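Student: just a sequence and a predicted model for now, questions to come.
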Amino acid sequence: MFKKIAGLFLAAAVMCSSAAITASAAEAEDDAAVAAADQSGEVSADGSSDVSANGSSEVEAGNVVKFDVKKSGWNNVKTVFCHIWKADGSGDWPDWQTKKERCKYDASTGIATYDLSKTGNTISKSDGRVYCVIFSANTGMQSYNAIMNGNCIGDTLYCTGNQLENPEDSEKKANEAKWENNPDCGPEKKITSTGKIIGSAFPEGESDVTLLATYLVAYYDDDAKTSHTQDLINELKVSPTKVMGAVTDRLNAINSPDKNKIAPAVEKILSGCTDPTTGKKVDKDQLDNAKKTGNKGSSSSSSSNGSGSASGSGSGSASGSSSNGSNGGSSSSGSGSSGSGSSSTGAVKSGVETTIVFVMAGLMVSAAGVMFLARKKREE
């Protein structure tokens, strides 16, 4: 009889322990679900993080730029990306069409919204024209470089339908893009490889003078391209002497090893030009002095120095400047995943602790019951 009663107590203890384990596991799952719900991001099918509508995100706070797909005339678009970089090529920015560049796209309105915090950089309303932006889609469509400042936060970019000559490859076309409310931050102004001027907006530190200086530094030994020099001077209405000074400033800024070859070649090109600001042939002594000293001390000196690196990276390094940025983006994403993981770990830990308490309590009750029965058996 004693053995039967003891066996019943032990069976009851085992059942209590099993129930405790089941209950604590359920508790752990509930805690994990709550922890996951506390995360503000929602992971999409491709693993990218879309911001939830809890009102606390930067997207809801207005720290965004937008693109109007419908107004731009883009068809069959499913995914839109926003590529932003610093005009001077500095900093770490996300890579071309990576998850960090993915926009939140509403196909019903045609509006793609990009959360600027995904760049891993702080972009403020007070920032000047120091950024460039390109929107692109899964269809292969993309906008031409647009200049962006802090006032563009919350604004919408769209393609006008105007096709520009690609500044790097004259055989290709670029889709001109403009902001709805910031006309001073439109398509980046550049000189194409065939000597055509496209765009209207400069990043800070650049001007018509530095624009032509950049062109001449790039093509100083190409007679076909430098043959456009006088026409460009007339169209831009710039002084050849100022352009020569900007060339020297840029060569100094980039510490060009070919400075002693490029500067004299540009001087020779400019020496035969007429200055549209005076209507006279360029003064060769002034031109030579500008070649030696640059535009130091003049208002255009800061412009040329500022554009030295900017023009060197403007269109050519759009994707190059972003290659480093992807590392920062991945790091940001990683920290988010880590945070979620630690919450789930905490929930599981809590469930395990609860299980141990229940099991110990069950064993103690069982042991007490067996001891009681054993003592009673001896008394009999």
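Tutor: Yes, it's here.
Student: give me the neighbour count for the spatially closest residue to Asn75 that is not a sequence neighbour.
Tutor: Excluding the flanking residues, the one nearest Asn75 by Cβ to Cβ, 6 or more residues apart in numbering is Thr139, at 7.3 Å. No exception for glycine: its C-beta is placed from N, CA and C like everyone else's. Applying other Cβ atoms under 10 Å, we find 13 residues neighbouring Thr139.
Student: likewise Val77?
Tutor: 17.
Student: that older thread, which strand or helix spans the residue nearest to Asn75?
Tutor: Thr139 belongs to no helix or strand when elements are defined using DSSP states H and E.
Student: wait, it touches Asn76, no?
Tutor: Yes. Contact status for Thr139 versus Asn76: in contact at 5.6 Å, counting by Cβ atoms under 8 Å.
Student: the helices in this protein, which residues?
Tutor: Using DSSP state H, the helices of the chain run over 2-37, 58-61, 69-72, 208-219, 223-226, 229-236, 240-253, 259-271, 284-293, 299-313, 320-323, 325-379.
Student: pLDDT score for the residue nearest to Asn75?
Tutor: On the pLDDT scale, Thr139 is placed at 97.
Student: from Gly154, how far off is it?
Tutor: Thr139 is 26 Å from Gly154, where distance means Cβ to Cβ, to the nearest Å.
Student: just Leu116 next, same as before
Tutor: To Gly154, Leu116 is 10 Å away according to Cβ to Cβ.
Student: do the same with Asn63
Tutor: Asn63 is 8 Å from Gly154, by Cβ to Cβ.
Student: ok, those two, which is more surrounded?
Tutor: Set Asn63 next to Gly154 and count neighbours by other Cβ under 10 Å: Asn63 wins out with 19 against 13.
Student: for the more buried one, which residues are in contact?
Tutor: Going by Cβ atoms under 8 Å, 6 or more residues apart in numbering, Asn63 touches 115-117, 123, 153.
Student: likewise for Gly110?
Tutor: Applying Cβ under 8 Å, 6+ apart, the residues contacting Gly110 are 68-71.
Student: below-threshold pLDDT in the protein: ranges please.
Tutor: 1-61, 296-380 (pLDDT under 70).
Student: domain map for it?
Tutor: The chain breaks down into these domains under automatic domain parsing: 58-203, 205-311.
Student: identify the contacts common to Leu116 and Gly154.
Tutor: 64-65.
Student: I'd like to know how many residues surround the nearest residue to Tyr220 once chain neighbours are set aside.
Tutor: Once flanking residues are discounted, Tyr220 sits nearest to Ala265: 4.4 Å by Cβ to Cβ, 6+ apart. Counted by other Cβ under 10 Å, the residues lying close to Ala265 total 17.
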